[in-house]
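Participant: Need a 3D model of the following:
(2 chains)
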Amino acid sequence: MAKRIDVSGLTAYYGSHKAIEDISMTVEPRSVTAFIGPSGCGKSTFLRTLNRMHEVTPGGRVEGKVMLDGESLYGAGVDPVSVRRTIGMVFQRPNPFPTMSIYDNVAAGLRLNGSYKKSELDAVVEKSLKGANLWNEVKDRLNKPGSGLSGGQQQRLCIARAIAVEPQVLLMDEPCSALDPISTLAIEDLIGELKERFTIVIVTHNMQQAARVSDRTAFFNLAAIGQPGKLIEIDDTERIFSNPSVQATEDYISGRFG
Amino acid sequence: MDITPTPVRPEPPGERDKSSELAGSTRPGDRIFLALSRGSGITLLVIMATIAAFLTYRAVIALAENDGNFLTTFEWNANADPPVFGIPVLVFGTIVSSIIAMVIAVPVAVGIALFISHYAPRKLATPLAYVIDLLAAVPSIVYGLWGALFLVPHLGGLYEWLDQFFGWTGVFSYDGGAARSLFTVGILLAIMILPIVTNVSREVFKQSPKLHEEAALALGATRWEVIRMSVLPFGRSGVISASMLGLGRALGETMAVATVLSPSFLIQASLLEPGGGTFAQNIAAGFNEATQTGRDALIASGLVLFLITLVVNGAARMVIARHKEYSGANA
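Facilitator: Numbers count the residues shown, from 1 in each chain, chains lettered A, B, ... in the order given. Prediction:
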């Protein structure tokens, strides 16, 4: 259900611009890994290379290796579509399909993968919405549009949609940055529950959030605007926030820059 | 950098209290613009009302003199004494040729629009979009000439094929005459409305939110599935609007129809047989030689065309409004 990601020597470009350079790290299964760092340091770009969403951007390309339990994501003959079916993603702004009902949103990924009986779909939708702590709030209006929910509910709907296809890994790109504190708390609690089933990678601008939800934290930085972002260090979250081995990390965390 | 203060026009103190900041302004520029825009709006309404009143007045005169039944008579002898004329043939011809045009043009236009907005590399998309725009710039009489001189002589093969496989329906039976039928008119109209439907659809598809396209991609959707899940639902009301614009043009198209169609005042069961007529074509063909009553009769038929267009547009708006809750607009 959850797999390990090994990244080695990964460099990503937008056209001729090098966005991130030479990143290597391991993401452990059934854990939460947080990416922190100043804006423009490439943490979102790096996240998007992990499910091959980066190359969707015009000019986006990648060098280096990403292995999912020993299988290369960028190997010859690997279909990016099947990579994205294995590695789910939750975005910064909640993006339920506005033309679909709550039910259809959650079932959308399954319907892509094949045909299911109504009863099977019902079961998966209920399980996923329960998994996203949303079931009690929406069970009476599954056929209403997803866009009618509050921002926090929409984001949990997006999480339900992502976990409905039982991915190996769940990538979250600043999932709480558009939400109020209470909705944020709900998502953070949810992340704590989800990590028992999935490998989770979360990009966040909120260092308290990284400290609260993650087991491991990676700090990214860039030398100057226009320079590629680099991984400065990755370590246990506790260590990063108490006694990081690199001075720049400590400066960033203690608010001396960024 | 030094900051230039905004020049503030000194105002007499009483003036400001009278009108609130939002309700109205006493600045001369605002007043002139208000007068201009309000004037334009009123002028438009007055012109519309005048046209409607004139047309209705003349139409009523004609209808009073009509010796046939306007709604059921299969004949147009408005210049005769007593005048006899009716619109069923025109209603049939106008609607059928437009439906044929829509059935052919809309799927093709949506396909081209999707290709330009989501499939084609930019190097190909830009010139292609330009060529489509050029199609819209061709005058309709040129389409008519092309239709009469090229399309009509070259459609025989297609007609025979349709007759061979679908002739049993009666709708597509063909006995080898010149292809100056409502079906040919429909094909020509389809080509003529293709640019507008394509362009409007393309603009709508281009605006479909990246957010939702990425949501579909991240679920493991292929490009076509992305389009089906996020682009088409978002663009549906836009495609309907685009089709209505095209339909409006097809319903009212005059010269191209008049050049291609071999008109007659009867309803053919087969779409491939010459004959029939449309409102606009009938007006163009008859107006010059018409008597006073004949012209009034043509005006009456023009009013009916106007009503049909109105109903079609209203229906389209209802379709769009019904899906509002699920439209991309509240994303």
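Participant: Give the next helix or strand downstream of the helix or strand encompassing B:Ile283.
Facilitator: Assigned by DSSP states H and E, B:Ile283 belongs to helix B:279-286. Downstream of helix B:279-286, the next assigned helix or strand under DSSP H and E is helix B:292-322.
Participant: What residues sit buried inside stretch B:39-50?
Facilitator: Under the neighbour-count criterion of 16 or more other CB atoms under 10 Å in any protein chain shown, stretch B:39-50 has nothing buried. Every C-beta, even on glycine, is put in place using the N, C-alpha and C of the backbone.
Participant: Check the gap between the residue in the stretch 101-250 of chain A that chain B sits nearest to and A:Ile234 for me.
Facilitator: For the stretch 101-250 of chain A, the residue closest to chain B is A:Gly109, as judged by CB to the nearest CB, at 4.1 Å. Per CB to CB, to the nearest Å, A:Gly109 is found 30 Å from A:Ile234.
Participant: more neighbours, the two?
Facilitator: Higher neighbour count among A:Gly109 and A:Ile234: A:Gly109, with 26 against 19, using other CB atoms under 10 Å in any protein chain shown.
Participant: pretty sure the more buried one contacts A:Arg161?
Facilitator: Yes. Between A:Gly109 and A:Arg161 there is a contact under CB atoms under 8 Å: 6.2 Å.
Participant: what touches both of those two?
Facilitator: B:Leu219 (CB atoms under 8 Å, 6 or more residues apart in numbering or on different chains).
Participant: what's the neighbour count on A:Ile87?
Facilitator: Residues near A:Ile87, counting by other CB under 10 Å: 27.
Participant: Excluding chain neighbours, give the residue nearest to it in space.
Facilitator: With sequence-adjacent residues excluded and distances taken as CB to CB, 6 or more residues apart in numbering or on different chains, A:Ile87 is closest to A:Asn51, at 3.9 Å.
Participant: where does the one you found fall, phi/psi-wise?
Facilitator: Torsion angles at A:Asn51 (phi, psi; degrees, to the nearest 10) stand at phi -130, psi 20.
Participant: Check the one 5 residues further on too.
Facilitator: Listed backbone geometry of A:Val56 is phi -70, psi -30, with angles given as degrees, to the nearest 10.
Participant: Taking the centroid of chain B, which residue is nearest it?
Facilitator: B:Gly248 (2.1 Å; CA atoms, centre = their mean).
Participant: burial measure for B:Phe150, as a count.
Facilitator: Neighbours of B:Phe150 under the rule other CB under 10 Å: 10.
Participant: give me the number of residues near the closest residue to chain A within the stretch 1-150 of chain B?
Facilitator: Closest approach of the stretch 1-150 of chain B to chain A (CB to the nearest CB) occurs at B:Arg122, with a separation of 8.1 Å. Per other CB under 10 Å, the neighbour tally for B:Arg122 reads 8.
Participant: again with A:Lys117
Facilitator: 8.
Participant: sorry, back to before: just the element for the residue nearest to the centre of chain B, please.
Facilitator: With DSSP H and E as criterion, B:Gly248 is part of helix B:232-252.
Participant: all strands for chain B, in order.
Facilitator: Under the criterion DSSP state E, chain B contains strands at B:76-77, B:84-85.
Participant: neighbouring contacts of the last one?
Facilitator: Going back to what we said before, that points to strand B:84-85. For strand B:84-85, using CB under 8 Å, 6+ apart, the contacting residues are B:Asn66, B:Asp67, B:Gly68, B:Phe70, B:Thr73, B:Glu75, B:Trp76, B:Asn77, B:Ala78, B:Ala297, B:Ser301.
Participant: tell me which parts of the stretch 151-258 of chain A are close to chain B?
Facilitator: A:Cys158, A:Arg161, A:Ala162, A:Val165 (CB under 8 Å from any CB of the partner chain).
Participant: So A:Met25 sits against A:Ile232, correct?
Facilitator: No. The pair A:Met25 / A:Ile232 is not scored as a contact, 11.1 Å apart, by CB under 8 Å.
Participant: Looking at those two, which is more packed in?
Facilitator: Legend: neighbour count by other CB under 10 Å for A:Met25 and A:Ile232, higher for A:Ile232 (20 against 17).
Participant: for stretch B:102-122, which positions count as buried?
Facilitator: Buried, per 16+ other CB under 10 Å, within stretch B:102-122: B:102, B:104-106, B:109-110, B:112-118, B:120.
Participant: now, which of those residues lie within helices?
Facilitator: B:Met102, B:Ile104, B:Ala105, B:Val106, B:Ala109, B:Val110, B:Ile112, B:Ala113, B:Leu114 (DSSP state H).
Participant: Those into JSON lines, with extra columns for distance to A:Pro58?
Facilitator: Listed next are those as JSON lines, based on distance: CB to CB, whole Å:
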{"residue": "B:Met102", "distance to A:Pro58": "34"}
{"residue": "B:Ile104", "distance to A:Pro58": "34"}
{"residue": "B:Ala105", "distance to A:Pro58": "31"}
{"residue": "B:Val106", "distance to A:Pro58": "29"}
{"residue": "B:Ala109", "distance to A:Pro58": "25"}
{"residue": "B:Val110", "distance to A:Pro58": "23"}
{"residue": "B:Ile112", "distance to A:Pro58": "21"}
{"residue": "B:Ala113", "distance to A:Pro58": "19"}
{"residue": "B:Leu114", "distance to A:Pro58": "18"}
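Participant: Right, I'll leave it there.
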